[in-house]
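# generate a structure from the sequence data that follows.
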Amino acid sequence: MPSLKSIRKRISSVKSTQKITRAMKMVAGARLARAQARIVALRPYAIKTQEVLASVVAKATVNEGQENEELVLDEKPQHPFLVVRPEKNVALLVLTSDRGLCGAFNTNINKVAEAEWRRRVAEGQNVRLYTIGRKGRDYFRRRRAPIAHEFSGIWEQLDMDRARLVAQTLIKPLVKGEVDAIYLVYNEFKSAISQKVVVEKLLPVRQLETEAKAAEEAQTTTEHIFEPNPEALLERLVPMYVEISIYRALLESMASELGARMTAMDAATNNAKEIIASLTLQYNRARQAAITKELMEIIGGAEALEG
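Purely as a prediction, here's the structure:
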């Protein structure tokens, strides 16, 4: 049985750890409220940007088809980011955190990203990885994955300028024709206790189903006049869509990390409470046993003196 001193040291150590986990839970909860507010504010803007882009793409495609008396989808793309090519070279942007102590947050992302990478390689595709966060970088370094670029310091001060920097780095190989498609792998924020890992296609933005639906709706709704023309709007809308999509994914990932950390620290605090209760019970039993032993020794000594 452990000595009373060792049990007291363990209780003191667990209590110190409990103070840390409780403080981390409170900090994560406060930061989560702000991150959640930023997502709620950005989501409508991001969704509307995507809808406007789809509408402009459909309008430009319909106009082009009317001029040529047939609908041509891919022969004359209005923007290089709209070109749909067979996916032979693919880029994956993996969003993880810089720190741990957030449950299975990073593990889930890394496992999904690794499965996606190995699946595409098995299909004969060339995959290059872009990582945000030290946890993802270290994970894929250990597996000798083809990391094309490592973004550092993104989470220190997350803003639109950081998202724009990531977007500019990602689109360069696509413009040069070195990459056919770009995908995002991140945790989508659902709630403080629920996050969902998603693999989302970022580029090319052209979705034939979306265009067809937008074109169909355009025939039944009020017709809009684009000035100067849809092609000029695409030159501004497409980069804006890419930047907003990346910024939204960064905010979703940050909120998911904070939610996962708050949940993990809450569980750790509760576990520490249970451990303290168990150790306290063990300490009391050991102390009672020591007192009983001392009493037995005193009684035995007294009986020996009487005898």
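
# and L158, helix, strand or coil?
coil (DSSP: H, G, I helix; E, B strand; the rest coil).

# how close does it sit to L295?
65 Å (Cβ to Cβ, to the nearest Å). For glycine as for every other residue, the C-beta is placed from the backbone atoms N, C-alpha and C.

# out of these two, which sits in the more crowded spot?
Applying other Cβ atoms under 10 Å to L158 and L295 shows that L158 carries more neighbours, namely 16 against 10.

# ranges for the strands of this structure?
Using DSSP state E, the strands of the chain run over 89-95, 126-132, 147-151, 181-191, 194-203.

# pLDDT below threshold where in the stretch 51-200 of the chain?
58-79 (pLDDT under 70).

# got the phi/psi numbers for the residue lying closest to A264 once chain neighbours are set aside?
Leaving aside its chain neighbours, A264 sits nearest to G103 (4.0 Å; criterion: Cβ to Cβ, 6 or more residues apart in numbering). When quoted as degrees, to the nearest 10, the phi and psi of G103 stand at phi 70, psi -140.

# quick one, what contacts G103?
By Cβ atoms under 8 Å, 6 or more residues apart in numbering, G103 lies in contact with A260, R261, T263, A264.

# can you name the two of those that sit furthest apart?
Of all pairs drawn from the contacts of G103, the one with the longest distance (Cβ to Cβ) is R261 and T263, at 7.3 Å.

# neighbour-wise, which of these two wins?
Between R261 and T263, R261 has the larger neighbour count (other Cβ under 10 Å), namely 25 against 20.

# so who does the more buried one touch?
So R261 contacts M24, K25, A28, L101, C102, G103, F105 (Cβ under 8 Å, 6+ apart).

# what about the helices in the chain?
Here the chain has its helices, by DSSP state H, at 4-67, 105-122, 134-142, 160-176, 208-220, 230-306.

# export these to CSV and tack on distance to F151?
CSV is the format used below for the helices of the chain (distance: least, Cβ to Cβ, whole Å):
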stretch, distance to F151
helix 4-67, 19
helix 105-122, 15
helix 134-142, 9
helix 160-176, 6
helix 208-220, 29
helix 230-306, 10
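
# measure the closest residue in space to R85 that isn't next to it in sequence to A290 for me?
Distance criterion Cβ to Cβ, 6+ apart; nearest residue to R85, sequence neighbours excluded, is D180 at 4.5 Å. Using Cβ to Cβ, D180 is found at 74 Å from A290.

# cool, and P80?
Using Cβ to Cβ, P80 is found at 80 Å from A290.

# A35 now?
52 Å.

# and for F189?
Counting by Cβ to Cβ, the gap from F189 to A290 is 53 Å.

# so for those two, which sits in the more crowded spot?
Set F189 next to A290 and count neighbours by other Cβ under 10 Å: F189 wins out with 23 against 13.

# could you pull up the residues touching Y183?
Per Cβ under 8 Å, 6+ apart, neighbours of Y183: V90, A91, L92, L93, E116, V199, E200, K201, L202.

# if you rank those residues by neighbours, which is first?
Tallying neighbours with other Cβ under 10 Å puts L93 at the head of the contacts of Y183, with 26 neighbours.

# and S6, how many neighbours does it have?
Neighbour count of S6, defined by other Cβ under 10 Å: 12.

# sorry, wrong one. I was asking about L42.
Neighbour tally, L42, other Cβ under 10 Å: 16.

# where's R34 relative to E274, distance?
Relative to E274, and taking Cβ to Cβ, R34 is found at 31 Å.

# now swap in Y247 and tell me
Y247 is 41 Å from E274, by Cβ to Cβ.

# more neighbours: those two, which one.
Neighbour count, other Cβ under 10 Å: between Y247 and E274, Y247 has more, with 23 against 10.
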